[in-house]
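>>> Sharing a sequence plus its predicted fold:
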Amino acid sequence: MSAQAPVAVASSLETVELTKSFGGVTAVDHASVRFVDGKVNGLIGPNGSGKTTFFNCVTGMIKPDAGSVAYRGNDITRHASDRVARAGIGRSFQLCRVFPRMTVMENLLVAVRHPSLRTLLRSADDEHERERARHWLRRVGIDHLEQAEARNLSYGQQKLLELAGVLMGDPDTIMLDEPAGGVNPALIGRIATLVRELNDEGKTFIIVEHNMEMVMSLCDHVVVFDRGRPIAEGAPSDIQKDPRVLEAYLGV
Amino acid sequence: MASESKYLLELNDIEAGYGRAALVLRGLTVQVPPATVVCLVGPNGAGKSTVLKVASGMLAPRSGSIVVDGVDVTGTNSQHMLKHGLAHVLQGHSVFREMTVAENVLLGAFTIKDQKAIDERVAFVQNLFPIVGERWKQLAGLLSGGQQKQVEFARSLMVSPKVVLLDEPSMGLDPKTTAKVFEQVARMRDAGTAVLLVEQNARRALETADIGCVLDLGRVHISGPAPELLADPALGDLYLGGRPADSAHVGGSTAEPATKGR
Amino acid sequence: MRNVSERTASAALGPAVTETVVVVPDTPRRSRWPRLVSLALVVIGAALVLSFPFVAPNPYILSAGVVILNYAVLSTGWNFMGGFTGYISLGHAAYFGLGAYGTGLIVKYLQLPGFVAWVLAALLVVAVSIPVGIAALRVRGASFVIVSIAFVLILLLVFQSWREFTGGSEGLIVPRPFPDLMRPEHHRVFFYLFAALLAAALVAWWIIDRSKFGTALKSIREDEDKARSLGVPTTRFKLIAYVLSALVTALGGGLYALWFGDLDPIFQFSILVGSYMVLMALLGGVRHLFGPLLGALVVGIALEYFKLEFGDTQFHLVAAGLLLGVVVLFMPDGVIPAVRALIDRFRPQQTSIRDVTAAELLEQNRAAATSEPRAGASSDHRAGAAPDPHADADNREVVR
Amino acid sequence: ACSGGPGDGASADDDPIVIGVSLPLTGDFSEPGKGVERGYEAWAQIVNEQGGLLGRQVELKILDDQSNADRVVSDYESLIAQDGVDLVFGPFSTRLVVPSARVAQEYGMLFVEPAGAAAEVFEQGFENLFYAAPAVANDHYNYLADYLLSLPEGERPKTAAVASMDDPFAQGTAYGLRDKLEEGGVEILVDEVYPPNTTDFSVIAAKIAESKADVVIGGSQYQDGVNLIIALQQLDYQPKVAAFSTAPTNPEFASAIGNQTEGILSPTGWSETASYPSNVEFVEQYTEIFGNPPAEDEANAYTTGQVVAAAVEAVGCAEQGECQQQLIDWLHENTVETVVGPLSWDEAGRPSGAHLIQQWVDGEIKIVLPDDAKEADFLIPKPAW
Amino acid sequence: MSGSLLLQSVILGVLLGGLYALLAAGLTLYFGIMRVVMIAHSAFLILAAYLAWWFNRETGLDPMLSLVVTVPVFFLAGFLMQRLLVSRLKPLTLTMMSVLLTFAIALIIEGALGFIFTGTQRRIQLPYAGDSLNVFGAQVPVVKLVAFVLAAFALLSLYLLLKYTRFGRALRATIQHPEAARLVGIDTDRTAGYGFGLGLATAAIGGTALSLDATIYPSLHWHWIGPLMAIIVVGGLGSIPGAAIAAMLLGISQSLLQLPLGATWAQTVFYVALFATLMFRPQGFFGGRLAQRF
Ligand SMILES: Nc1ncnc2c1ncn2[C@@H]1O[C@H](COP(=O)(O)OP(=O)(O)OP(=O)(O)O)[C@@H](O)[C@H]1O
Ligand SMILES: Nc1ncnc2c1ncn2[C@@H]1O[C@H](COP(=O)(O)OP(=O)(O)OP(=O)(O)O)[C@@H](O)[C@H]1O
Ligand SMILES: [Mg+2]
Ligand SMILES: [Mg+2]
């Protein structure tokens, strides 16, 4: 692991020698990364550098070939994705995914954090839940679409919906894969502020993003991937100067 | 009659919408001269993609006309648009997931018979986007998000139409590749192509574009030379994303267009 | 809208958004029918069912009624899986057959009283359905359909070939639980038994439908991986739904065995029966509590009718096929939604949307009043602001 | 098929006696099912020409059960409870006889049937059931078994191969012969069972051919018999004796197997040429009506009609209710003259006779056993097919 | 059991496998490439067989001549079926609804056959029905051989068509992303229609081959659909070579297993193989990509 990690910070999520390869391609290559608890962590890197695959391995969407993932001290390697989610890690998808034939509201009511028989058999549309849902819709700014069918939303609107859905599961750590992709700039600003607020409320973020302004203005700590392994990490300001990063990612 | 028309693509007060739902485009007019990049910006759900869908015949307008290089193509099925010289790169992901990169790229040249021309093109896109060459025989669906976008863009480069519609070509691309894409857009323009570009990365897009159109409420809201739009502060805050610093005082105002809706 | 944006904005959310308004797409929202109406309907329906044995002109009609109730139970059972999770099983006849044969065989070999055997058989089926479910639910969509078909075909083979145990093609004879009843009484008793079973199944479905568990299952129908990433333990939930579904179907089968008495593998394990379950559920509407029941009524009556009318031809197959085809092509969501859509179309359109928007508008204007000046100021400070007529224009849109 | 009267059980002297039947007019057993239908229709027509029963015309109401147990039951249920027919005739194939007999029993109806020959039919404790044929399935081959075993050492077959449809009747016949031969010291080399819907017989045939058994016994209905024979021909297997149930008596049989029928054996409860008075009449009238002579299924159906008719005429009533019990009792006590000779039954409804053995000789099917009834000499070994 | 018996049943197995291969190819075509579960495939198969039988009975000519008519007719039928029916289904639910739609079609065909030709079992009476060639002690029935050759030929041409023509590529593109396909200039409607037509054409050929040496009755298609489904899953949905290989293997093992187990139990081999596949390799054993996703 390169660039000395900041000293004495509780690590929220830590991977050791995490590896995943598909046939010839090694998507994630012995990646040892630690993300800082209670901070907004950035994860950047050129296309195909393994960010999404890294996300997938961590959240159990796919099983890593080797290496381990620890969340807040306990090992979650190869846990099924729903288990990871209930452990408090929420994630969004790069090609945003919503439940097309459910209304925006129903989309939000899906998230499960504590699947006890009681909560499960409790009526889904009890006011309390709905109120929470409306709250999040308001905060991402699409509450006027509450009754629209998700498939009829524009791409950006779907991205926001997905974000709200993740937040409904009230995760402690939130992994966002290109939250700004296809979202209009003003809205990006809004998402950024939302992230900030939630972070102040104590949530940890891990954000994959190609939008440099957003990353630089938002993240406290940035990890740079190239060819499936971290090549640099540190404060945004340092990262921007790092020659390897310039070469591998930003170009020129 | 094709000759004397001074636009390659004309959308004349288009009204369009989905199903029995309310209109999305309400009397929108966009014209793209040859060798020009017109950039559409606007909030999510403003109807940018819809404009392109209408232009390429994927969505039939309720009223208004579409003219490509002087030929009225209103109501033409999208599969014939390429014949009329219009290509459209979709938003989101439209690679053929279960076909190899090769098949994807070659399908881009589906309408071309001349094998030699195809080979040249292939060589060209392969060195423009190395990934295309590297993964030539791999299933496109297995590529990363950004890589897929590259394959899509490469696919669209297999033909050289008169009019190109690009729906957020830079989405999910890393800065380096983004630069390349915009470079290509510039090249197309220089080759005389009329490009209608939709971008959320508006500042970056307007730097390349000649003309900018701000789309809101399904109408062209403001349009003008790209540099001017870039310069306009209010606009910047509204649509191009201001620096967080400004946010506080813009907050109220920006709520306005939304309220216009109701 | 306005007040919301205002609030969020004044909550210093940074540059708030310019959002186009989206009119609620007029796919009518699950329009909440007045509680009372639906309640009344249910009561009336129940009354009709319960009084049927007394109005039935002759034992044959009564027995037809029993058959239809049986179909209703089966397709409601099927709907626990198909309706919620969207996993369409064309082989659900397998559990119908297992329930029936299980009951019969237990009675035959363990000499237990019919209804004890019935319960035991149901439990056995649950035991079977768990491993099968685990295997079958590994695949989705069409592969699952194939597996389900394969499953019923296997059972058909086994029950046909394993003559020593199951009686093979000669079938199995299940002694009557009430030997001394004359046939008409026999029918009447079983009519009520089936009705009770159906009621139980419906209640269970209803509870799940409105529960968070139900929502989770529906999300599986839409996008399984996504649901998972939101913490829904899909594997477990699917399995639960599958087993429940198998259980209800098996109970139906067992009761059928006790009522009918003669089990023939070709009928008990026929894809046709399985497909009737699907047809009925689809016809009525898989997302509705009473969908399958309604479907069973229509299809069941139709089948009996065809049998009497075209008794000595294969025409009933054609008819069933046409029916299924029409449903799939023209009302894939079933009769109930189709009818509701129709009603919503006839009742003045705006109501379905406006009662929302109107309310919102009111609320907004009230709240907006406070921040009016700011908004006003902003609108002229903004270059080329859209002229005001928009508002009305859009209202019309909303109303249209 | 036939128009059903609104008959509500009450029998004014003028209105017809409605007789309900359910038959497999489609499905696995449609071929024999149609035969039975013709037999019933012939019977009804002949009876009506002779002034009907008790001076009333008879009228058939026939439903199709597609060879399904569930259908046959609801058919009889609707016939008895809904249409209130006066009498019922049995359906075809043992599989369907049992359930339908129970319905009849529970409505207290007399149930005479042309097809339920298998042993278990008579083990269900039905009092209302009578099988209208000379012998139960297992006894069909008795004459053949005795004959083969009586042959001198040299000619007597030593090995046999059995393939039977998984159907009580077909199996009953084949196993009757198998067991008797086995007792007689013949070794059973192959013993296969196939489900009714089997179409590919190549491997079963391969096994039989491989075994080179002297005798091949086919427990067949119709088409399966044909397929099996063709498959055996394809593998060029030449047995000394080939016995198949039912199939060889079917009019289309010869052409179906390419006319290489010489020497094929089959049991029959009925002979076109038998000299019983009613048989002569039946054959000629039937031929008149349908343009071709009847086969066994038709004859069995006709027999059923005769039996019921005899009881009705004797008791003097034909409607639902206590009349039915009287009919049942009368049949238990008496013997009925039919086209297959005199029939009488034990308390379970078993007839007490044996079947004739027919063989294809010179392109025609002739009775070869027993000696007193034979029209041709038994042909052994069977010529190549 | 002796070697010759083994040889005999291996030969029979191969001949059977060939037929399976062709029939499965059609299924896998709709299924892997068009996302349509064509339950009605085997119904059309039987329909073709009936037409061949009817043709033979009416004209007395060799049933294989009926191909001249049935193949084009079926192709057209497939085209129309896709254009008029399948294309109406919503893409979101295409796979599921297509199951039911084609199921309905299967029922209609079965019913119509029963209606017209009655449920009676039929069998073409060919002069050479009983003939066979002797190959080292084993008998190779001529009719089966003919059927096999017919199947093999059809299968090969189908494979080449899909693999090496622009049409094949266009077809797959059409299914995977219709909009995008249209935008590169593919006439998606016609392409999809042709695809379906092809599938049905194979059914016509398969059915005729089948009719040469089998008894047919309307409900026979249930008898076929199960094994065929199993084959295409084992072979990997959408992979024609996969289907062919799986068909061969399963055909042979079926006919071998019949020796010890008997006809009925032997059929279970298909389903055992099916479940084994799901357990260990849901995407199928021979190629067949991302199967579990559909
Ligand atoms: N298939 C559809 N059916 C109904 N409404 C739709 C459909 N697609 C889009 N809409 C609605 O039309 C409006 C415009 O959609 P469009 O995709 O053109 O927006 P956009 O400008 O492309 O937004 P984005 O920047 O997020 O892509 C949105 O409000 C959306 O809700
Ligand atoms: N299922 C798969 N099969 C084969 N290769 C894969 C698979 N998934 C990812 N890859 C490969 O792994 C590499 C990393 O992919 P990944 O999606 O993680 O990149 P990324 O960092 O998210 O890129 P982007 O910024 O474009 O999203 C890519 O080269 C991709 O081709
Ligand atoms: Mg990615
Ligand atoms: Mg868009």
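Cool, got the structure. Numbers count the residues shown, from 1 in each chain, chains lettered A, B, ... in the order given. Ligands and ions are numbered 1, 2, ... in the order given.
>>> Can you classify D:Leu189 as helix, strand or coil?
Taken by DSSP: H, G, I helix; E, B strand; the rest coil, the conformation at D:Leu189 corresponds to strand.
>>> which ones are touching the closest residue to A:Arg72 other than its chain neighbours?
Spatial nearest neighbour of A:Arg72, chain neighbours left out: A:Ser12 (6.3 Å); criterion: C-beta to C-beta, 6 or more residues apart in numbering or on different chains. C-beta here means a position set from N, CA and C on the backbone, and glycine is covered the same way. With contacts defined as C-beta atoms under 8 Å, 6 or more residues apart in numbering or on different chains, A:Ser12 is in contact with A:Phe35, A:Val36, A:Asp37, A:Gly38, A:Tyr71, A:Arg72, A:Asp172, A:Thr173, A:Thr204.
>>> so the fourth one, which of the three states?
Secondary structure state of A:Gly38, per three-state DSSP, is coil.
>>> Distance check, it against A:Ala85.
20 Å (C-beta to C-beta, to the nearest Å).
>>> Compare the two (neighbour count), which wins?
A:Ala85 (27 against 16; other C-beta atoms under 10 Å in any protein chain shown).
>>> residues touching the more buried one, list them.
By C-beta under 8 Å, 6+ apart, the contact set of A:Ala85 is A:Thr59, A:Arg91, A:Val112, A:Gly169, A:Pro171, C:Arg228, C:Ser229, C:Leu230, C:Gly231.
>>> per-residue confidence at the fifth one?
I take that to be A:Pro171. Looking at A:Pro171, its pLDDT stands at 91.
>>> what do you get for the second one?
In this model, A:Arg91 is scored at 92, pLDDT.
>>> for it, phi and psi?
Dihedral pair for A:Arg91: phi -140, psi 150, per degrees, to the nearest 10.
>>> Surely it and A:Cys57 touch.
No - assessed by C-beta atoms under 8 Å, A:Arg91 is found out of contact with A:Cys57, at 11.7 Å.
>>> Could you report the distance from D:Leu151 to chain E?
29 Å (C-beta to the nearest C-beta, to the nearest Å).
>>> Next, the contact list for the residue in the stretch 51-200 of chain C that ligand 1 sits nearest to, please.
Residue of the stretch 51-200 of chain C nearest ligand 1, by C-beta to the nearest ligand atom: C:Gly86 (21.0 Å). Shown in contact with C:Gly86 (C-beta under 8 Å, 6+ apart): C:Ile220, C:Arg221, C:Glu222, E:Met96.
>>> wait, isn't E:Leu23 in contact with E:Ile225?
No - using C-beta under 8 Å, E:Leu23 is not in contact with E:Ile225, being 9.6 Å away.
>>> Give the residues shared as contacts by the two.
E:His41, E:Ser42.
>>> where's E:Val86 relative to E:Ala104, distance?
Counting by C-beta to C-beta - E:Val86 and E:Ala104 are separated by 12 Å.
>>> Now for the closest residue to ligand 3 within the stretch 1-150 of chain C, how many residues are close by?
Nearest residue of the stretch 1-150 of chain C to ligand 3: C:Arg140, at 23.8 Å (C-beta to the ion). By other C-beta under 10 Å, the residues close to C:Arg140 number 20.
>>> Would you agree it is in contact with C:Asp225?
No - applying C-beta under 8 Å, one finds C:Arg140 not in contact with C:Asp225, separated by 10.2 Å.
>>> By neighbours, which of the contacts of A:Ser12 wins?
So for the contacts of A:Ser12 (other C-beta under 10 Å), the most neighbours sit at A:Phe35, 26 neighbours.
>>> hang on, isn't that residue packed against A:Val222?
No - under the criterion of C-beta under 8 Å, A:Phe35 is not in contact with A:Val222, lying 10.5 Å apart.
>>> Give the intersection of the neighbour lists for these two.
Counting by C-beta under 8 Å, 6+ apart, the residues touching both A:Phe35 and A:Val222 are A:Asn41.
>>> Most proximal residue of the stretch 51-200 of chain A with respect to ligand 4?
A:Tyr155 (4.9 Å).
>>> Got phi/psi on that residue?
Dihedral angles (degrees, to the nearest 10) for A:Tyr155: phi -50, psi -50.
>>> tell me the contacts of B:Glu120?
Not one residue lies near B:Glu120 by C-beta under 8 Å, 6+ apart.
>>> my read is it is in a helix, agree?
Yes - assessed with three-state DSSP, B:Glu120 lies in a helix.
>>> any chance you could map the strands in the stretch 101-250 of chain A?
A:173-177, A:204-208, A:221-226, A:229-234 (DSSP state E, counting those that start in this stretch).
>>> so which of these gets nearest B:Ile14?
Among those, the nearest to B:Ile14 by C-beta to C-beta is strand A:173-177 (34.5 Å).
>>> Get me the contact residues on the stretch 101-250 of chain A for ligand 1.
Residues of the stretch 101-250 of chain A lying close to ligand 1 by C-beta under 6 Å from any ligand atom are A:Asn152, A:Leu153, A:Ser154, A:Tyr155, A:Gly156, A:Gln157, A:Gly182, A:Asn184.
>>> I'd say the first one and B:Tyr18 touch.
Yes - the pair A:Asn152 and B:Tyr18 qualifies as a contact (C-beta under 8 Å) at a distance of 7.0 Å.
>>> who's more crowded, the two?
Set A:Asn152 next to B:Tyr18 and count neighbours by other C-beta under 10 Å: A:Asn152 wins out with 19 against 13.
>>> Indicate the residue of the stretch 251-385 of chain D located nearest to chain C.
Residue nearest to chain C within the stretch 251-385 of chain D (C-beta to the nearest C-beta): D:Gln320, separated by 12.3 Å.
>>> Settle this for me: that residue is touching D:Ile80, isn't it.
Yes - if you go by C-beta under 8 Å, D:Gln320 and D:Ile80 touch, sitting 7.2 Å apart.
>>> Would you mind listing the residues touching both of those two?
Contacts common to D:Gln320 and D:Ile80, judged by C-beta under 8 Å, 6+ apart, are D:Tyr107, D:Met109.
>>> Tell me which of those two has more neighbours.
D:Ile80 (26 against 21).
>>> SS state for that one?
When classified by three-state DSSP, D:Ile80 comes out as helix.
>>> That one is in contact with D:Val18, isn't it?
No - applying C-beta under 8 Å, one finds D:Ile80 not in contact with D:Val18, separated by 10.8 Å.
>>> And the strands in chain D?
All strands of chain D, identified by DSSP state E, fall at D:17-23, D:58-64, D:87-88, D:111-113, D:129-131, D:159-165, D:187-194, D:215-219, D:241-244, D:264-268, D:336-338, D:341-343, D:356-361, D:364-369.
>>> Take those strands and write them to CSV, including mean neighbour count, distance to E:Val135 and mean pLDDT.
Shown next, in CSV, are those (neighbours: other C-beta atoms under 10 Å in any protein chain shown; distance: least, C-beta to C-beta, whole Å; pLDDT from 0 to 100):
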stretch, mean neighbour count, distance to E:Val135, mean pLDDT
strand D:17-23, 28, 46, 93
strand D:58-64, 24, 46, 90
strand D:87-88, 28, 56, 94
strand D:111-113, 29, 49, 93
strand D:129-131, 29, 49, 92
strand D:159-165, 25, 24, 93
strand D:187-194, 19, 23, 90
strand D:215-219, 29, 24, 94
strand D:241-244, 27, 26, 93
strand D:264-268, 28, 28, 90
strand D:336-338, 21, 54, 90
strand D:341-343, 18, 52, 88
strand D:356-361, 25, 31, 90
strand D:364-369, 20, 36, 86
